[in-house]
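Here is my input; please provide its structure:
(2 chains)
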Amino acid sequence: MKKDLSPEILELIRLTSTDLPGPVEKRLRAAKAAEEDGSAARHALDAILTNVEISRRDSTPICQDTGTPIFFVRLPREIPPFDLVEQIRAAVAQATRRNYLRPNAVEPLTGKNTGDNLGDEYYPSIHFTQGEDDTLTIDLILKGGGCENVGAQYSLPEPSLKAGRDLEGVRRAVLDAVHKAQGEGCAPGFLGVAIGGDRGTSYAASKQVFLRDLDDESPDTRLARLEERITREANELGIGPMGFGGKATVLGTKITATHRIPASYFVTISYMCWAYRRRRMIVTGDEVTYR
Amino acid sequence: MIELKTLISDAEIRALKVGDTVSLSGVMITGRDAVHKWLVETFIHPAKTPSEADLAVYQAIQPVLNGGLIYHCGPVVSGLESGQYHFIAAGPTTSMREEPYQADVLRQFNVKGVIGKGGMGNNSLRACQEVPAVYFHAVGGAAALIAQTVKKVMGVYKLEFGAPEAIWVIEVEHLPVVVTMDCHGQSLHDAVREKSKKALERLLV
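Just a heads-up that it's a prediction; the model follows:
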């Protein structure tokens, strides 16, 4: 394995920021076809799809809000002797100089921009897990502030929604969150839902679930049924692209569940905007591939 | 599609209604969270006398805003080191964060329109009726597409706020938007919220 992977990580950032994954684009195209001719919803999806083509062609950011860079690193069984945190940070700073990323890290109290997207040890956000083979995998998600701000966490039971501690309660909480978000998260969006955990792990899991293949369904049939139902019912709300009204409000839902203590039953919803920017880099020996 | 070019007249604003698609051209400024807070706290409800430097910025942007547009946008800009600025990505940001400030800014400067995404609240809607002004909704995330409509960066103020938060004076050609709040008290966002609330109630019986 190469000692310095920062050029390869830079390419991961470029791809994520500028080249929307094919399965996401496919859903946007299907959504556009379903909206009425001449509607504001259709115009919005038209603009979105043209934008996707321009940013891919010109290698420029799909959205100016390149978000918080969130890295999920799966280390190989034997950890190579290099400092991956430093390499990721170097690649992020370089990607900012090349305008693949907007300088987004600001000091929390003064709002002063650091200029290079590097903040404290939580920015960029890097999560490590240990794998069981010789492959290093780095996933990157870029998630903008508009959709991050409409994320929500519910502690069940929630009497105002008649949401108890069961899957029906989860359904009620998620639909409420979609309604509250309206178009502000840049609909049509994608939902990452975590059931359980503590407040912190539940939010983390609700983002990590965005790493699943867009076209898969939960291996747990109870959750798979709920994923399908929530997507269908969210679209019955009629919020539509950008909140203009229309058929496409949510283009996919992923649900995960993580152990909780008996006293807590959290439902956490992360909202991903239509610009579902996510890419994976796989390093095996000297070979680096992207998907 | 209706063509509008800054500076915009009251009559042109009054003719617009919710749902109209508009193509915007001319000179405008960007401004988001830091700029709105600064404008209100420095000039509109000041706690102390503004500095000479701040007054100079006021003088410079006042003629652009009077009859002009403010764009809620934190762009990706190249040329930060050379000063040869160019907009790379420039979609709208969520406007609702400026709700505490927007009505004051619209009235103070006689701004004719705000460009953003997600819509705004009742205070802004009321100010739109008084000024008059409208809310133009751009397509959120369509940053590469909109950057192509920015033909020229004419200047920048308050760069110390950081590039995304600075006041960029730009000249645009054919920026596509939809009127979602007009000066007659109509808001598409209120209508969609109400309708979707009824749908939600049906789903949660």
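
okay, CA-based contacts and neighbour counts for the rest of this
Fine.

tell me the pLDDT at A:Phe82?
A:Phe82 carries a pLDDT value of 82.

So it: helix, strand or coil?
When classified by DSSP: H, G, I helix; E, B strand; the rest coil, A:Phe82 comes out as coil.

A:Asn99 now?
Classification of A:Asn99 by three-state DSSP places it in coil.

name the helices or strands packed onto the strand or helix carrying A:Arg172?
Assigning secondary structure by DSSP states H and E places A:Arg172 in helix A:167-181. With contacts defined as 3 or more Cα pairs under 8 Å, 6 or more residues apart in numbering or on different chains; DSSP states H and E, the packing partners of helix A:167-181 are helix A:221-236, strand A:266-272, helix B:188-203.

buried sites along that helix?
A:169-181 (16 or more other Cα atoms under 10 Å in any protein chain shown).

same for the following helix or strand past that helix, what does it pack against?
Using DSSP H and E, the helix or strand that follows helix A:167-181 in sequence is strand A:189-196. Judged by 3+ Cα pairs under 8 Å, 6+ apart, the packing partners of strand A:189-196 are helix A:199-208, strand A:250-258, strand A:266-272.

For strand A:189-196, what does the pLDDT average out to?
Mean pLDDT, strand A:189-196: 98.

Pick the most buried one from the helices and strands packed on helix A:167-181.
strand A:266-272 (a mean of 29; mean count of other Cα atoms under 10 Å in any protein chain shown).

rewinding a little: so which of the helices and strands packed on helix A:167-181 gets nearest B:Glu171?
helix B:188-203 (27.9 Å; Cα to Cα).

Taking helix A:221-236 as reference, get the angle to that closest one.
Relative orientation of helix B:188-203 versus helix A:221-236 (axes from the mean of the first three to the mean of the last three Cα atoms, to 10 degrees): 140 degrees.

near chain A at all, helix B:188-203?
Yes: using Cα under 8 Å from any Cα of the partner chain as the criterion, contacts between helix B:188-203 and chain A involve B:188-189, B:192-193, B:195-197, B:199-200, B:203.

quick one: the helices in chain B?
In chain B, the segments counted as helices under DSSP state H are B:10-14, B:33-39, B:52-65, B:99-109, B:122-130, B:143-147, B:188-203.

Let's have these in CSV, adding mean pLDDT.
Listed next are those as CSV, based on pLDDT from 0 to 100:
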stretch, mean pLDDT
helix B:10-14, 98
helix B:33-39, 97
helix B:52-65, 98
helix B:99-109, 98
helix B:122-130, 98
helix B:143-147, 97
helix B:188-203, 98
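
Packed most tightly, which of the ones you listed would that be?
helix B:143-147 (a mean of 27).

So which elements touch it?
In terms of contacts (3+ Cα pairs under 8 Å, 6+ apart), helix B:143-147 is packed against helix A:40-58, strand B:86-89.

And it, how far out from the chain middle?
16 Å (Cα atoms, centre = their mean, to the nearest Å).

Could you do stretch B:154-170 as well?
Counting by Cα atoms, centre = their mean, stretch B:154-170 is centred 14 Å from the centre of its parent chain.

can it be found next to chain A?
Yes: judged by Cα under 8 Å from any Cα, stretch B:154-170 and chain A are in contact via B:160-164.

Which of the residues you listed has the largest number of neighbours?
B:Pro164 (25 neighbours; other Cα atoms under 10 Å in any protein chain shown).

so how far is A:Asp120 from that one?
Going from B:Pro164 to A:Asp120 by Cα to Cα, to the nearest Å gives 20 Å.

for A:Thr249, same thing?
35 Å.

Comparing the two, which residue is more hemmed in?
Neighbours around A:Thr249 and A:Asp120, counted as other Cα under 10 Å, are more numerous at A:Thr249. The numbers are 32 against 9.

rewinding a little: may I have the helix holding A:Arg172 as CSV, with CA atoms only?
Below are the C-alpha coordinates for helix A:167-181, written out as CSV (Å, rounded to 0.1, in the frame of the first residue of the first chain):
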residue,chain,number,x,y,z
LEU,A,167,-42.5,1.0,14.1
GLU,A,168,-45.8,2.9,13.8
GLY,A,169,-44.3,5.5,16.1
VAL,A,170,-41.2,5.6,13.9
ARG,A,171,-43.4,6.2,10.8
ARG,A,172,-45.2,9.0,12.5
ALA,A,173,-42.0,10.8,13.6
VAL,A,174,-40.4,10.5,10.2
LEU,A,175,-43.4,11.8,8.3
ASP,A,176,-43.6,14.7,10.8
ALA,A,177,-39.9,15.6,10.2
VAL,A,178,-40.5,15.5,6.4
HIS,A,179,-43.4,17.9,6.8
LYS,A,180,-41.5,20.2,9.0
ALA,A,181,-38.6,20.3,6.5
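
if we look at it, which residues are touching it?
By Cα atoms under 8 Å, 6 or more residues apart in numbering or on different chains, the residues outside helix A:167-181 that reach it are A:150-152, A:154, A:156-157, A:161-164, A:193, A:195, A:226, A:230, A:233-234, A:237, A:239, A:267, A:269, B:193, B:196-197, B:200, B:204.

hang on, the earlier thing: out of the helices and strands packed on helix A:167-181, which comes closest to A:Ser202?
Of all the helices and strands packed on helix A:167-181, strand A:266-272 sits nearest to A:Ser202, with 6.0 Å by Cα to Cα.

Which other helices and strands does the closest one contact?
helix A:145-149, strand A:152-155, helix A:167-181, strand A:189-196, helix A:199-208.

immediately after that strand, which helix or strand?
With elements assigned by DSSP H and E, the helix or strand that comes after strand A:266-272 is strand A:277-284.

What is the burial count for residue 151?
Assuming you mean chain A. A:Gly151: 22 neighbours (other Cα under 10 Å).

Correction: the question concerned chain B.
16.

Report the separation between it and B:Gly68.
As judged by Cα to Cα, B:Lys151 and B:Gly68 stand 17 Å apart.

OK, contacts around B:Cys73?
By Cα under 8 Å, 6+ apart, the residues touching B:Cys73 are B:30-32, B:90-93, B:116, B:164.

Show me which residues of chain B are close to chain A?
Proximity of chain B to chain A is confined to B:19, B:74-78, B:88-91, B:93-94, B:117-118, B:139-145, B:160-164, B:178, B:188-189, B:192-193, B:195-197, B:199-200, B:203-204 under the rule Cα under 8 Å from any Cα.

For A:Ala47, find the nearest of the helices of chain B.
Nearest to A:Ala47 among those is helix B:143-147 (7.5 Å), distances taken as Cα to Cα.

residue ranges with poor pLDDT in chain A?
Chain A contains no residues with pLDDT under 70.

can you rerun that using 90?
Low-confidence segments of chain A, defined by pLDDT under 90: A:1-3, A:78-82.

Which residue ranges make up each domain of it?
Per the record, chain A has its domains at A:6-19+A:62-144+A:277-290, A:146-272, by automatic domain parsing.
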